[in-house]
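Colleague: return atomic coordinates for the entry below.
(4 chains)
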There are 2 protein chains.
Amino acid sequence: MAKIKEMKITTLGYALLGLLARSEQTGYDLSQGLKDPVSFFWHAQHSQIYPELAKLEFSGLVKYKLIEQTERPDKKVYSLTPLGKKHLEMWLHAPLTVSKVRDELVLKAYSLWLADSKAAVQMMRDHAEAHAERLAEYERRLELVKRKTNKQPSLESPWFGVQAVLMRGIGYEREYVAWCKWMIERLEKT
Amino acid sequence: MAKIKEMKITTLGYALLGLLARSEQTGYDLSQGLKDPVSFFWHAQHSQIYPELAKLEFSGLVKYKLIEQTERPDKKVYSLTPLGKKHLEMWLHAPLTVSKVRDELVLKAYSLWLADSKAAVQMMRDHAEAHAERLAEYERRLELVKRKTNKQPSLESPWFGVQAVLMRGIGYEREYVAWCKWMIERLEKT
DNA sequence: TCCCTCATGTAAAAGGTTACATGATTTA
DNA sequence: TAAATCATGTAACCTTTTACATGAGGGA
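Modeller: Modelled structure (predicted):
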């Protein structure tokens, strides 16, 4: 009656399954993948990824081939098992509550009536610039998707996922820049 | 040489200081305050707030009066000390890197090419509705700010902080709804 | 020479959620 | 009668970050 190989899959686990559904990868690759472009909505350090992969493997959701290398450390190339794909699909269809936001800049804005307004303007300028850069990067990537798929990916193509998250990223960053600019204007005209 | 009363202040600590800079409050009040409207960009459970307040008090950033009550449990009314205000202002002026986003719906969107598109549409509809409700709520609150401050709060008024975060909230939710609608359209026309 | 990339892990600490614990009053 | 509000806390657990650990090869 003992429950074997049953472990609760975390959101990070599903993030990894989602990446592996596209192509087999090493833990190292995945830690890069969770930077770019997935990093926009989910991120993790390699110290979290390696143990998570071990759990997924133990639960039979992923498997790996060991590739021996001479000039580089050996590597484990992970791929989805049919069970892993099934679990990923189950997760996709499960209901989800709205994710909570944590944004330290907005938290600061809440107390900005106590701050020096010149310093506040400078802070907002810096963030406007950082978000504008991200916006440009996502727009560049969306152009790339268009080129690779002839205008529009089909709904069954992994490129659809890329398009979907880039669209969200673009909207998010564009709106963030607009807010920073509104803040700057408000702070500047006494 | 021993370091006494020196503790690193967490972001939650600053969130609490920012609330106490507006008015003295109990831990209970603060846990409500971190729901509404601050919850949009920072949130915490009371189990995190009470120990954090104790730390802030130990460090001399806040103090409290014990109010004895007969029909209700006794309460501690916290307020900012001058040191607390100084630290809050220092934090406001400290540089800040861009906050990372964690959004499980966008994570799902990335793998949505594997899902049933009808179910996906339903999920997007639910989220569009939830975000539209928040949008309406923030807009209602912004109207209230306008009425309370005769159109526009001054930069030195705490209402400016409220206006700032509501503006961000409104932009965020409006853009989120727009993305959900774009997703629905894409998923519906084959 | 120093830093970056590839490549995998572990350990410790910090941050955050869920559950446990108590108990009177008010509202549905 | 059941749930919500007021009011404060602790304990256990889970998640995430930062630091420790190793080591070869390539580029500035």
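
Colleague: for the helix ranked longest in chain A, which helices and strands make contact with it?
Modeller: As assigned by DSSP state H, the longest helix anywhere in chain A is helix A:117-149. In this structure, helix A:117-149 packs against helix A:104-110, helix A:158-188, helix B:82-93, with contacts taken as 3 or more C-beta pairs under 8 Å, 6 or more residues apart in numbering or on different chains; DSSP states H and E. C-beta coordinates here come from the backbone N, C-alpha and C atoms, glycine included.

Colleague: so how far is the shortest one off the chain centroid?
Modeller: For helix A:104-110, the distance between its averaged C-alpha position and the chain's averaged C-alpha position is 23 Å (C-alpha atoms, centre = their mean, to the nearest Å).

Colleague: could I get the average pLDDT for that helix?
Modeller: When the per-residue pLDDT values of helix A:104-110 are averaged, the result is 98.

Colleague: ok, and what's touching the helix or strand bottoming out on mean pLDDT in chain A?
Modeller: When each helix and strand of chain A is scored by mean pLDDT, DSSP states H and E, helix A:27-33 comes last, with a mean of 92. The set of residues external to helix A:27-33 that reach it, using C-beta atoms under 8 Å, 6 or more residues apart in numbering or on different chains, is A:16, A:19-20, A:25, A:44-46, A:49-50, A:53, A:75-76, A:78.

Colleague: so does that helix get close to DNA strand C?
Modeller: Yes: shown here: helix A:27-33 in contact with DNA strand C (C-beta under 7 Å from any atom of the strand) through A:27-29, A:31-32.

Colleague: same deal with stretch A:48-57?
Modeller: Yes: for a cut-off given as C-beta under 7 Å from any atom of the strand, stretch A:48-57 has contacts with DNA strand C, namely A:50-51, A:53-54.

Colleague: can you name the residue of chain A nearest DNA strand D?
Modeller: Across chain A, no residue is closer to DNA strand D than A:S47, which sits at 3.1 Å (C-beta to the nearest atom of the strand).

Colleague: show the pLDDT at that residue.
Modeller: Looking at A:S47, its pLDDT is 97.

Colleague: what helix or strand is it located in?
Modeller: helix A:46-58 (DSSP states H and E).

Colleague: packing partners for that helix?
Modeller: Contacts defined by 3+ C-beta pairs under 8 Å, 6+ apart place helix A:46-58 against helix A:11-20, helix A:27-33, strand A:62-67, strand A:75-80.
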